[in-house]
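S.K.: Below: sequence and its predicted model.
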Amino acid sequence: MPLIPLVGHRELRRQFTDAIARDSLPASLFFHGPRGVGKQRLALWLGQYLLCSGPANGPRPCGKCNNCRFAELFAHPDLRWFFPRPRSESDASASDLLDDIAEALSDRLKADGLYAPPSGTEGIYVASVRALVQLAAQTPALAKRKVLIIGDAERMVPQEGSEIAANAFLKLLEEPPADTTIILTTSEPGALLPTIRSRVVAVRVPLLPERDVRELIEMPSFAAALDETDLPKSLNERVRLAAGAPGTLLGAQTRRDAMATAAALLQAADGSLSAPDRVKVVMSLGASRSRGPFTDALDALTAMLRERARGALGRGDSPGALAAARAIDVVLEARLRANGNVSPQLLASHLVRELRGRLL
C-alpha cells in the first residue's frame, strides 16, 4: 500500500508549483517548522512532483506514471529519503547504508508512512553523508533528475575523521548538480549547523488548520495507528491534542516518558528535591533502561531549558537566561557522551551535579 496522502499546506504547494513553472525553484531547500506538521511528507510530495512524467497538461503529481508509482512505494532510484538511523560500523559502505535505509523504508511503508520520532540514539552519521554525496554525483536512473531528502537534519552528527565528507556535503549544498534537488527538514532549526543553514533556502512549514488535522486523523490508517496508543478515542479530543501538528500524536507515550524524566532531572538540579530524592531520580535510570530513552529525556531537557531561557529573556532576566544557556551546553555535552558506552546512571549523576552548579 502506498504512503498516506499529503494533507494541507496548499499555499506552499502552490508556491512550489509556480516556482517550478518559472524554473526558479532553489536547488537546496530547508523545510523547518513545528514537529508533526508533515515537513517530510511535504518534501516527498515535492520530490514526486519533480519526478512526475505524466501529461504536461494534467495534474501533478499524476499518481499514475511509473515515476509516481515508484515514488509512492519508496522504490524510486532517483528519490532518496535519508533520516536518523542507529550508528553503523565506521567503515560501512554506501551500499550497506542504503540497504539499511531500504529496510527501514519497508517498515514505514507497511505503516502507510506513519512513524514515531527517531530514538535519541539514532542520528545521521558519516556513512549517510558519504552516500548522499555519492548519489548526487550519479546520473538519474529513471527520471530526468534526482531528489535527495534529509529528514530530521539536526541529527547530523559530527564524527572524528569525517571532515572530508562534511566538506563535500557543504559543497554539494552550495553547488548541487543541475539535475539534483536537495531538501532538508528539521523541527529544530537552531540545532542545525550554521554552515548548513547558510547554504540552503529556508521555507517555514506552518501548523495545519483544524479541518486538515481532522481529515488526516480520520483516515483509516492514521486512526488505526492512534487506536494502538493510550490516546483518547474521541476524534474531537485527538484533534485538540494535535494542536495543528497531528504527527505529534504518533509516539506520544514515548514523548511523555521523556518529558517526565527530563522534568525529574531538572527538579533534581534546581534545588526542588532533597538529596535522597535526587538519588532516587538518578537510580531510576538503571542499567535496565537503554540509552535510547535516556537520550530522549536529554533532548526533552534541552527543550525545557531553551523555553526557560526564552522566558527569562522575555522578563528581562539576563542572569537567568545566561544560566539556562550554560545549562543547555551541559546537557548537549551529556547528549554527546550518551552516544558512547556510558551508564545512564553515571552520566545522569554527573549531569545533575553540573546543572546544579549553573542553575543555583
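M.R.: That came in fine, so what should we check first? Residues are numbered from 1 along each chain as shown.
S.K.: neighbours around the closest residue to residue 188 other than its chain neighbours, how many?
M.R.: Spatial nearest neighbour of residue 188, chain neighbours left out: residue 154 (4.6 Å); criterion: C-beta to C-beta, 6 or more residues apart in numbering. For the C-beta atoms, the positions are set from N, CA and C on the backbone; glycine is no exception. Neighbour count of residue 154, defined by other C-beta atoms under 10 Å: 20.
S.K.: Would you enumerate the residues in contact with residue 154?
M.R.: By C-beta atoms under 8 Å, 6 or more residues apart in numbering, residue 154 lies in contact with 186-189, 191-192.
S.K.: Please name the nearest non-neighbouring residue to residue 30.
M.R.: Excluding the flanking residues, the one nearest residue 30 by C-beta to C-beta, 6+ apart is residue 200, at 3.9 Å.
S.K.: my guess is the one you found contacts residue 31, does it?
M.R.: No: the criterion here is C-beta atoms under 8 Å, and residue 200 misses it with residue 31 at 9.5 Å.
S.K.: re earlier: then the residue nearest to residue 188 would be within a helix, right?
M.R.: Yes: when DSSP: H, G, I helix; E, B strand; the rest coil is applied, residue 154 is found to be in a helix.
S.K.: so how many other residues sit close to the closest residue in space to residue 118 that isn't next to it in sequence?
M.R.: Residue nearest to residue 118 in three dimensions, not counting chain neighbours: residue 84, with 3.9 Å by C-beta to C-beta, 6+ apart. Per other C-beta under 10 Å, the neighbour tally for residue 84 reads 23.
S.K.: Contacts only, for residue 84.
M.R.: Residue 84 makes contacts with 118-119, 122-124, 151-152, 155, as judged by C-beta under 8 Å, 6+ apart.
S.K.: ok, which pair from those is furthest apart?
M.R.: Of all pairs drawn from the contacts of residue 84, the greatest distance, 14.0 Å, lies between 119 and 151 (C-beta to C-beta).
S.K.: And those two? Which one has more around it.
M.R.: More crowded of residue 119 and residue 151, by other C-beta under 10 Å: residue 151, with 23 against 18.
S.K.: right, and the more buried one touches residue 40 too?
M.R.: Yes: counting by C-beta under 8 Å, residue 40 is a contact partner of residue 151 at 4.4 Å.
S.K.: Name the residues contacting each of the two.
M.R.: The contact sets of residue 151 and residue 40 overlap at 81, 83, 185 (C-beta under 8 Å, 6+ apart).
S.K.: how much space between the last one and residue 35?
M.R.: With the distance defined as C-beta to C-beta, to the nearest Å, residue 185 ends up 10 Å from residue 35.
S.K.: again, but for the first one
M.R.: In this structure, residue 81 and residue 35 are 18 Å apart, going by C-beta to C-beta.
S.K.: Which one's more surrounded, these two?
M.R.: More crowded of residue 81 and residue 35, by other C-beta under 10 Å: residue 81, with 21 against 14.
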